[in-house]
Every structure is written in C-alpha cells, then in structure tokens.
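**Q** from the sequence below, what's the structure:
(chains A, B and C)
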Amino acid sequence: MVTIKDIADRAGVSFSTVSKALRDSPLVQNKTKQHILSIAKEMGYQPNLAARSLVSRKSGAIGVVWPSIERAALSSLITKINEQLEKKGYITLLSISHLESAIEIFRRYQVDAILVFGDRDSISSFSSISPLQIPILTYGAAGYTPFSTVDVNRGQAVRLAVRHLARLGHKDIAYIGEPQTQDPLQTVKIEAFRDEIVQLGLQARDNAVLQMNGLEFHDGYLAARAMLEQTPRPTAVISGGIDLTRGILRAIGEHGLSVPHDVSVVSYDNLPQMEDIGVPMTVVGVAIATITAHITTAILELIDQPESLKTVYLEPELVVRASTSHLNND
DNA sequence: TACGCATGGGAACAGAGCCG
DNA sequence: CGGCTCTGTTCCCATGCGTA
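**A** As a prediction, the model looks like this:
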C-alpha cells in the first residue's frame, strides 16, 4: 500500500509536509502542494482510515443496527439517513445481526455512534446492554430504552386516520395490523384506534381489529380477505404499514371491489412510494424526510455531546389522496 | 515554510523467568 | 534443554503542535 511516507520519499519532502499538503493546509507552499498532490494521484494513494482514526480518535463511521431487513418502510429510512450522513463526512456500517452482537462488532470497529432501529426483538434486549462509551440513538423505541431517542407519535397518526374516515361518514372501520406476538410499536396504534372509535361514538365491533401472524404483504392480504368476509362488511380500513397495505389492496381487488368506491383505505407510513401503489394512498405518519433529518441531526449532536440525553417526538400528518372517499349509501 | 517528534490502540515480536 | 507464561518493546500510519 502507498503511504504518505512513499509520497514523501518521491517528492523529496518530509511525510508531515505530505500530510499537510493532502489536507490542503496553508502551511505548505502552493507549488509544493501541487507537486505532492500530483505524485499522490499518480501513485494511487488512499489514506489509511485506521491510522487516521488512531490519531483523531474518530472513525468517521456510524453503526446502524437494523434487524428487520424485510420491512419496506425502514429501507427507505436507511437509504436517506445514509445519504445525509455521507454529506457530513460519515460512512454508515449496517448490521442485520441481533442487537447484542451488532453492538459488539461496532465497538470493535470503534464507530463514533450507533443508531438502533427499535423493533419487537431489539426492544426486549435493550435492558441487557452493558454501559458503553459509544453514544447510542434509538429510533422507534421511546419509553423502552435508557438512550436518546427519535420517535414518532404513532397513536396520534392512527387517531388522524380514524377522524378522517369519520369525517367522510364512515362508521364501521376496521384495523389491520395486530401481529400475534406482542409488539409494543403496534400495540400503541391499536390502543389509539380503539380509543378514538369510542371517543367519536363510532361502531366498536369486537372483530374490528384483525389478527395476523406478522406485518408483511401476505399477512395483510390474508387479514383483508378475512375482513371482506365479515357481515356487514366494514366500509373503511386502516392499515398498520405499507407492506400490509399492498396485501390489502390485492385482496380487495381479487374480491372484485374497488378502492375507494367500495372500501376506503388509510395507511400508516408516510412514504413517497405511497403516492401510487396501485391507488394513490391516503396516509398518516411523519414524512420520511422529516424523520431522517431529525435522526441525522440527533446523531451528530450525540457525537458532539456523548453525555446528552434527548427524546424527540415527531408529530404525524394526514395526507389525503384517492384511496378514501365519502361513504356510499347505495 | 518545512521538519521533528510525540501520539493513539493493538498486533506481533523479543526477551526474561519459570517449570518439569 | 524444550516448552510455557508473562512483561516489555516495536511497529503500523496520519496528525498536529512545537521548533528551526
């Protein structure tokens, strides 16, 4: 490997001068600088990050723990976060391992901060993390972790959805998004759903919330099929997430029904791709760009002040598109 | 303006001291 | 004397302060 020493030998200067020249220091004459730069380029020099972080005590890397790789909503989050951190000179290391082993690996790489996406599995293991020197930011796990957190007011999002449908005249509303295994992130939404139904004096049916195995396409599909068999059939449905929504739309289509004429659909997850997933979706949630901006800011702050502890709660919005309409009385 | 030198964490190595 | 553990040293490379 080419090091600054090799460049120094070739250029006939000391390696500290090469270091300064490569970092565009004003302490090196422009002529010398250009000479050194051209030699570095010619020799194909790449700075050794390990050595650099040895001195600076910063690795310039941020570890992201992302255990549920199959969820579409999270994948657009991570893409954007990576983009924004890159602009700030950081690289992101992604781990899809379990929380404990992911953190251990990141410690060895000496990342400057760790971002953890909370999900059912990671939430339960937060308590077992031994205190460490690396700052940790969690997303989607407010109230479950001793760390700084950026989170979304999920309950409020679902309330917005219920109110929107109620305003359109719907009284019989279903909710698809209750996995069999206890998932705190989903439970919050479901509780808000039930509560808002009662608050608005709508029909509170026992089977309004549909059970399912998981939160993926097929789960939404099966739950929607079950819902469409109910009599009377709900006139509107709220979906717990984008993957479920895709399955729900499929089931409705196969049933020979149309959205929103026969069934209005509001989906959780305020993602750009929601503008058209067969139907332009009415959605509730915090826009991805807003979430990622807050996460990025919070991480950078945490690197500057590792001791600080901060919880940011983001308020969701309702974006009305073509998947919801007034109740038909025909 | 350019150079000398200390610095950082950890792997690899050298040497000392011990045991059977 | 071979084999072992334990301690101490050197090296990796880029950075940046102090100095010539």
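**Q** which parts of the stretch 151-300 of chain A are helices?
**A** Assignment of helices within the stretch 151-300 of chain A using DSSP state H, counting those that start in this stretch yields the ranges A:154-167, A:184-199, A:217-229, A:242-254, A:288-304.
**Q** can you list the weak-confidence ranges in the stretch 101-250 of chain A?
**A** A:119-124, A:127-132 (pLDDT under 70).
**Q** in which helix or strand does whatever residue of the stretch 51-200 of chain A ends up closest to DNA strand C reside?
**A** In the stretch 51-200 of chain A, the residue that lies nearest DNA strand C is A:A51 (3.4 Å; Cβ to the nearest atom of the strand). (Glycine included, C-beta is placed from N, CA and C.) Applying DSSP states H and E as the criterion places A:A51 in helix A:49-56.
**Q** the next helix or strand after that helix vs helix A:49-56, what angle?
**A** Once helix A:49-56 ends, the next helix or strand along the chain (criterion: DSSP H and E) is strand A:61-65. Put simply, strand A:61-65 runs at 110 degrees to helix A:49-56, going by axes from the mean of the first three to the mean of the last three Cα atoms, to 10 degrees.
**Q** so strand A:61-65, near DNA strand B or not?
**A** No. Judged by Cβ under 7 Å from any atom of the strand, strand A:61-65 stays clear of DNA strand B, getting no closer than 14.7 Å.
**Q** what's the angle from that strand to helix A:288-304?
**A** Using the same axes, to 10 degrees: strand A:61-65 against helix A:288-304 is 120 degrees.
**Q** and strand A:61-65, what does it pack against?
**A** helix A:72-87, strand A:91-95, helix A:99-108, strand A:113-117 (3 or more Cβ pairs under 8 Å, 6 or more residues apart in numbering; DSSP states H and E).
**Q** can you report how many residues neighbour the closest residue to A:Q230 other than its chain neighbours?
**A** Distances taken as Cβ to Cβ, 6 or more residues apart in numbering put A:N207 closest to A:Q230, at 6.6 Å, once the chain neighbours are dropped. When neighbours are defined as other Cβ atoms under 10 Å, A:N207 has 11 of them.
**Q** relative to DNA strand C, how far out is A:N207?
**A** Distance of A:N207 to DNA strand C, given as Cβ to the nearest atom of the strand, to the nearest Å: 63 Å.
**Q** dump stretch A:323-330 to CSV, restricted to CA.
**A** What follows is stretch A:323-330 as a C-alpha-only set of coordinates in CSV (Å, rounded to 0.1, in the frame of the first residue of the first chain):
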residue,chain,number,x,y,z
SER,A,323,-57.9,5.9,-1.6
THR,A,324,-60.5,7.4,0.7
SER,A,325,-63.9,8.9,-0.2
HIS,A,326,-67.3,9.7,1.3
LEU,A,327,-69.3,6.7,2.4
ASN,A,328,-71.6,5.5,-0.4
ASN,A,329,-75.2,4.9,0.7
ASP,A,330,-76.2,3.0,-2.4
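**Q** can you list contacts of it?
**A** Stretch A:323-330 has contacts (Cβ atoms under 8 Å, 6 or more residues apart in numbering) with A:164-165, A:168-171, A:235-236, A:259-262, A:264-267, A:279-282.
**Q** give the buried residues for it.
**A** A:323-325 (16 or more other Cβ atoms under 10 Å).
**Q** put together TSV for the residues you listed, with secondary structure, pLDDT and distance to A:M274 on each row.
**A** Formatted as TSV, those follow (DSSP: H, G, I helix; E, B strand; the rest coil; pLDDT from 0 to 100; distance: Cβ to Cβ, whole Å):
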residue	secondary structure	pLDDT	distance to A:M274
A:S323	coil	98	9
A:T324	coil	98	13
A:S325	coil	97	17
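**Q** closest to DNA strand C among those residues?
**A** A:S323 (52.3 Å).
**Q** for A:N213, which residues are in contact?
**A** A:179-180, A:219.
**Q** check A:L94 too.
**A** Taking Cβ under 8 Å, 6+ apart, one finds A:64, A:66, A:78 in contact with A:L94.
**Q** looking at the residues you listed, which gets the smallest pLDDT?
**A** Across the contacts of A:L94, the bottom pLDDT score, 83, is held by A:W66.
**Q** could I get the helices of the stretch 151-300 of chain A as CSV with mean neighbour count and distance to A:D9?
**A** Listed next are the helices of the stretch 151-300 of chain A as CSV, based on neighbours: other Cβ atoms under 10 Å; distance: least, Cβ to Cβ, whole Å:
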stretch, mean neighbour count, distance to A:D9
helix A:154-167, 22, 60
helix A:184-199, 18, 58
helix A:217-229, 21, 60
helix A:242-254, 23, 57
helix A:288-304, 19, 36
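**Q** out of those, which is closest to A:G89?
**A** helix A:288-304 (10.1 Å; Cβ to Cβ).
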